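> one predicted model, sequence on top.
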Amino acid sequence: MDFSDSGLTSEELQGVKDFIASFLIGVKNYCLYPENHSISQKSVANSAMRLEGFLKDFHDLRLDVQRDRLLFKNVIVFQEATDAENLATILFRDGIQWIRFSEGFGFQELQEFFRILKENKNWNEDAEGDIVTALWEANFSNLRYMAVDVYWESEPLIDYSTLNAQTIEGHHSTSPDNQQIISPVSVLIDSGDSLLKLTEEEAEVLNKMISEEEKRDCLNDLLFIVFALLNDRDENNDLASALQFLEGEVQASLSQGDFKSAYRLISGVEKMHKGAQNKESWALSYLDQFFLNISNPKTLSVVPSSLRSIDAINSEDLKLLNQFFMLLHPKAICSLALLLSETRSLNIRQNIQRLITFHAQRDMGSLEVTIKKANDSVVERLVPVLGQLEGERPFQIIIKLLRHQSAGVRKQAIKQLKNIDGEATKWLFALAEDPDESVRNAVLTKLGKSRNQTAEGLLLKYLEKRQYTISDHKHLLACYRALGRCGSSRCINFLQEALFSRAWFLDFGKSVHRIGAIVALVALGTNEANELLKKASNSLFPAVRLAYRKALEVSR
């Protein structure tokens, strides 16, 4: 066979065909088996050996890509029917015009190339990426390619050849009965001595074309512009302007409740951001600023208004909402906090709290700033997030919130305290006489959660020295109960004294302390405590027996 016109020898052609045959088998096996499977590894090795042998002799191998075929120096070296499994179709679909392997492209790079094909061979509108983006992120040193915007290339221009204009040779007066009705989309074009007018059928065709053009999804076009500018080595290009325009599109999508489009846009930029990080691109600062701007409360302020009721959001939109917010900068916590204040649904609230926790783990400062600026109801709902975070800083914020002006916030802070040893116990006990009864009860419940020497000492001193200013019986009994639950044998002497002191005298002022002592002994549950309870139940003194009966009623 004579390939003199293309400068192609039979040996060169056969080498290309042998490589492509091994390449197709390799890709197929790599997609069928795990990448570490012996069949996958053997397939990659065989294909790499063919390619390395060719490159050693001919230095590089360029394949031109068409819809259903691959060409080498204008000679078809692979062709199959166009379908989802056709290698040429897969490459063509994502806009690749040609691809060139250079000497040095070996096993490791070919295996990575197989992985890219495996992850991107199936396409749908929700696909996470495409081959062009993946190749760009891989940054192969011995592979070059040319790609175009597949969405622009695949969109045919409006074909006016189907429109056969009729010539109107003059203007004729017509009666209303005979007057031709012209569609609003009909077009009159002035052409010298005549007017060209579209027929109704032609106007319908044009109307359909225009309608399809209006429905065209421009999201990928926008992303491609950013992608192209990102790959431009000229740092003075229009990337900043393109990203600013993209910010507006994201906000417009959010204002319409279109979380799918908003997510598609920022997920596309996020993939470029990862690639820029890997390559330490000059454009990284622009991309960082894009995510900061998108996460700004001013940009995200449209989200609550786009949801008539966040409690009624469907599962699909909730999923998209999660995906969208997880890609943002932690500054988005402020907007999430506003959403949190608008929901009454426990499920939705927990979902938003998880998003806030996710971002707070990345940047605690954003949560702290939000807590300082938010109103009381928002702060109350943010405190549980602090309880999910590890470390000293969240703990200190919780301690600080124990002194918050809102009783609801103080109660939430009490609930989120996990470790109440040492100083934390003292801060907590300071609320034992809080103006709000529910806060006082929450404090005493927390103090009585486990044995705690510090809490025992504070309660003993509070009751024994009569330091309390709230003499309400319910409050005092709650203090005794907490003492029994957190205490030890250390408090036995005090409880015995409170129970049996002047037992012969019916002192109604002391009756609450006798009852409290019984309540504490029941909660203490030690052998010494049980002995005192037995003694109280059989006491000769009516005041003690009466206190015992009342305490059992209170403890039920």
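Looks like it arrived, so ask away. Numbers count the residues shown, from 1 in each chain.
> what pLDDT does the most centrally placed residue in the chain get?
Centroid-nearest residue in the chain: Met326, 2.1 Å away (criterion: Cα atoms, centre = their mean). Per-residue pLDDT puts Met326 at 93.
> which residues touch Phe324?
By Cβ atoms under 8 Å, 6 or more residues apart in numbering, the residues touching Phe324 are 259, 262-263, 266. For the C-beta atoms, the positions are set from N, CA and C on the backbone; glycine is no exception.
> who wins for most neighbours among those?
Using other Cβ atoms under 10 Å as the neighbour criterion, Ala262 leads the contacts of Phe324 with 27 neighbours.
> what helix or strand is that residue on?
Assigning secondary structure by DSSP states H and E places Ala262 in helix 259-279.
> averaged pLDDT, that helix. What do you get?
Helix 259-279 comes out at a mean pLDDT of 86.
> once you drop chain neighbours, what's closest to the residue nearest to the centre of the chain?
What sits nearest to Met326 in space, not counting adjacent residues and going by Cβ to Cβ, 6 or more residues apart in numbering, is Phe358, at 6.4 Å.
> switch the contacts of Phe324 over to TSV; also include distance to Lys373.
What follows is these, written out as TSV (distance: Cβ to Cβ, whole Å):
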residue	distance to Lys373
Phe259	26
Ala262	25
Tyr263	27
Ile266	25
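> give me the contacts around stretch 302-315.
The contact list for stretch 302-315, computed with Cβ under 8 Å, 6+ apart, reads 251, 254-257, 321, 335, 338-339, 342-345, 348.
> for the longest helix seen in the chain, name the packing helices and strands.
Under DSSP state H, the helix in the chain containing the largest number of residues is helix 10-32. Under the contact definition 3 or more Cβ pairs under 8 Å, 6 or more residues apart in numbering; DSSP states H and E, helix 10-32 sits against helix 38-58, strand 69-72, strand 75-79, helix 87-93, helix 107-120.
> same thing but at 10 Å, please
helix 38-58, strand 60-65, strand 69-72, strand 75-79, helix 87-93, helix 107-120 (3 or more Cβ pairs under 10 Å, 6 or more residues apart in numbering; DSSP states H and E).
> for the last one, which positions count as buried?
If I follow you right, that is helix 107-120. Neighbour-count burial for helix 107-120 flags 109-111, 113-117, 120 (criterion: 16 or more other Cβ atoms under 10 Å).
> dump those residues to CSV, plus distance to Asn538.
Shown next, in CSV, are those (distance: Cβ to Cβ, whole Å):
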residue, distance to Asn538
Glu109, 90
Leu110, 90
Gln111, 85
Phe113, 89
Phe114, 86
Arg115, 82
Ile116, 85
Leu117, 87
Asn120, 84
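> which residues are in contact with the residue nearest to the centre of the chain?
263, 267, 270, 332, 354-355, 358-359 (Cβ atoms under 10 Å, 6 or more residues apart in numbering).
> how about the residues you listed in a markdown table, adding distance to Thr370?
A markdown table is the format used below for the contacts of Met326 (distance: Cβ to Cβ, whole Å):
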| residue | distance to Thr370 |
| --- | --- |
| Tyr263 | 23 |
| Ser267 | 25 |
| Glu270 | 23 |
| Ala332 | 10 |
| Arg354 | 16 |
| Leu355 | 13 |
| Phe358 | 14 |
| His359 | 10 |
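> now list the buried members of those residues.
If you count burial by 16+ other Cβ under 10 Å, the buried members of the contacts of Met326 come out as 263, 267, 270, 332, 355, 358-359.
> any chance of these in a markdown table, plus distance to Asn220?
Output for the buried ones among the contacts of Met326, formatted as a markdown table (distance: Cβ to Cβ, whole Å):
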| residue | distance to Asn220 |
| --- | --- |
| Tyr263 | 14 |
| Ser267 | 12 |
| Glu270 | 15 |
| Ala332 | 25 |
| Leu355 | 27 |
| Phe358 | 28 |
| His359 | 28 |
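> tell me the one among these nearest to Leu70.
Using Cβ to Cβ, Ser267 comes nearest to Leu70 of those, at 30.9 Å.
> so the closest one makes contact with Asn220?
No - applying Cβ atoms under 10 Å as the test, Ser267 and Asn220 come out as separate, 12.0 Å apart.
> closest to Ala283 out of the buried residues of helix 107-120?
For the buried residues of helix 107-120, the nearest to Ala283 is Ile116 (22.3 Å; Cβ to Cβ).
> what's the distance between the closest one and Ile96?
Distance, Ile116 to Ile96, using Cβ to Cβ, to the nearest Å: 11 Å.
> what sits in contact with each of these two?
In contact with both Ile116 and Ile96: 130-132, 135, using Cβ under 10 Å, 6+ apart.
> and the furthest pair within the contacts of stretch 302-315?
Most distant of the contacts of stretch 302-315, by Cβ to Cβ, are Gln251 and Arg344, 26.8 Å apart.
> which stretches of this structure form strands?
60-65, 69-72, 75-79, 96-102, 143-147, 166-168, 188-191, 194-197 (DSSP state E).
> using CSV, write out every CA atom in the second one.
The reference is to strand 69-72. The C-alpha trace of strand 69-72 is given here as CSV (Å, rounded to 0.1, in the frame of the first residue of the first chain):
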residue,chain,number,x,y,z
ARG,A,69,-13.2,7.3,14.0
LEU,A,70,-9.6,8.0,14.8
LEU,A,71,-7.1,9.1,12.1
PHE,A,72,-3.3,8.9,12.0
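> nothing else from me, thank you.
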